[in-house]
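Student: Would you be able to build a 3D model of this:
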Amino acid sequence: MMHLMYNGTDTLKVLGKTGLKVSRLGLGTAEIGFAYGLGSPALPQEADALALLADAVGAGVIFFDTANYYGLAEERIGRSGILQDPDVVVCTKCAQFLEKGEYFTPAELEAKIREQVQSSLRTLGLSALPLLLLHGPSAQQLQEGTLTAIVKKLQNEGSIRSWGASTRGEEPALAAIAAGADAIEVAYNIADQRMARRVFPAAAQKGVGIINRSVYLKGAFAGKAGHLPDSLAPLKAAVASAQSVADRLGIPLPELALRFALSESAINVSLIGTAKREHLISAVQALAQGPLPQEAVAALRALAIETEAQVDPAQWPK
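Tutor: Okay, the predicted model is just below:
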């Protein structure tokens, strides 16, 4: 396995309190599990998905983000054999019902989380999950303490090694940090820069690892902005302005978006979601180019959008 280089430097970083060594570039696996993204994406064939996973490891990508509700993703990761490599780290998510606002008693909540953890262990072929993220808990749910007690119990029993939360917005992320999470997964990109204000400094103070998703904002910064509805006109304008910056630098827009995220030192690993080998290779090559020039970073920071409905795909028109 080769090690990715970032501006001539080995990109392995420690993911906060987890102690896990991860590549600065990680692979999000939703797109190998189900049809995901703007436009009309197709689910890749099994052989292509397994080859992509192997190619990623061969290129030095050793962090994989998945979930038990990503269709076939966990199954394909388990069948690929990549987890037999001791350097490869997989992070999976559970309890999507938290984001949906479904109510359960503490006993029911524990039973459901346990069931999902055991399912992931079986599917991935692991004896313990390196990192388990709760999906979408609210700040109130994290502050209440039941979730923390459940994951700590799983840690003590050896089912999981580290825990955290995949969150939307600032308050749940801050609550996860305060609750003792080892790592959090947040969204940070050219249009959505909210995490830089309070979340990144709070995480640094507590030694909490940062996993960054939505680098391309569901494809908006990867050539699919034409599929955005007119109601997202401010976002479309930000994409057009970012394209102008990319044109001045003479680089593709997806490279600009990825290198913008990689220019944020608080982030340990940035995820790209793709089912295509050529996109993976392009991302690896973009990483090797190093940070963006400071004037480009400044220009892109000026494109931040504060309206949550513009930058959170969960709130986009269906």
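Student: which element is Asp192 on?
Tutor: Counting by DSSP states H and E, there is no helix or strand that carries Asp192.
Student: tally of neighbours for it?
Tutor: Asp192: 23 surrounding residues under other Cβ atoms under 10 Å. For the C-beta atoms, the positions are set from N, CA and C on the backbone; glycine is no exception.
Student: what sits against it?
Tutor: By Cβ atoms under 8 Å, 6 or more residues apart in numbering, the contact set of Asp192 is 214, 217, 304-305, 311-312.
Student: So it versus Ala204, what's the distance?
Tutor: 19 Å (Cβ to Cβ, to the nearest Å).
Student: residues touching the closest residue to Ala225 other than its chain neighbours, list them.
Tutor: Excluding the flanking residues, the one nearest Ala225 by Cβ to Cβ, 6 or more residues apart in numbering is Val239, at 4.3 Å. If you count contacts by Cβ under 8 Å, 6+ apart, Val239 has them with 191, 220-221, 225, 228, 253.
Student: avg pLDDT for the helix or strand containing Lys152?
Tutor: Element membership of Lys152, judged by DSSP H and E, is helix 146-157. For helix 146-157, mean pLDDT is 97.
Student: for stretch 192-200, same thing?
Tutor: Mean predicted confidence for stretch 192-200 is 98.
Student: measure that stretch end to end?
Tutor: In stretch 192-200, first residue to last residue: 14 Å (Cα to Cα, to the nearest Å).
Student: Pretty sure Ser263 sits against Pro291.
Tutor: Yes: between Ser263 and Pro291 there is a contact under Cβ atoms under 8 Å: 4.7 Å.
Student: and for those two, which residues touch both?
Tutor: With Cβ under 8 Å, 6+ apart as the test, Ser263 and Pro291 both reach Val297.
Student: Quick check, pLDDT for Lys224.
Tutor: Model confidence at Lys224, given as pLDDT, is 90.
Student: again with Leu4
Tutor: For Leu4, pLDDT reads 63.
Student: Same check on the one 4 residues further on?
Tutor: According to the predicted model, the pLDDT of Gly8 comes to 50.
Student: cool, Gly37 as well?
Tutor: As predicted, Gly37 sits at a pLDDT of 62.
Student: before we move on, back to that, rebuild the contacts of Asp192 as CSV, extending it with neighbour count.
Tutor: Putting the contacts of Asp192 into CSV (neighbours: other Cβ atoms under 10 Å) gives the following:
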residue, neighbour count
Ser214, 25
Leu217, 26
Ala304, 16
Ile305, 18
Val311, 25
Asp312, 16
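Student: Now secondary structure, pLDDT and distance to Val269 too, for the residues you listed, in a markdown table please.
Tutor: Below are the contacts of Asp192 laid out as a markdown table (DSSP: H, G, I helix; E, B strand; the rest coil; pLDDT from 0 to 100; distance: Cβ to Cβ, whole Å):
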| residue | secondary structure | pLDDT | distance to Val269 |
| --- | --- | --- | --- |
| Ser214 | coil | 95 | 13 |
| Leu217 | coil | 95 | 18 |
| Ala304 | coil | 98 | 22 |
| Ile305 | coil | 98 | 24 |
| Val311 | helix | 97 | 21 |
| Asp312 | coil | 95 | 21 |
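Student: now the residues you listed in CSV, with distance to Arg248?
Tutor: Output for the contacts of Asp192, formatted as CSV (distance: Cβ to Cβ, whole Å):
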residue, distance to Arg248
Ser214, 24
Leu217, 21
Ala304, 19
Ile305, 21
Val311, 24
Asp312, 29
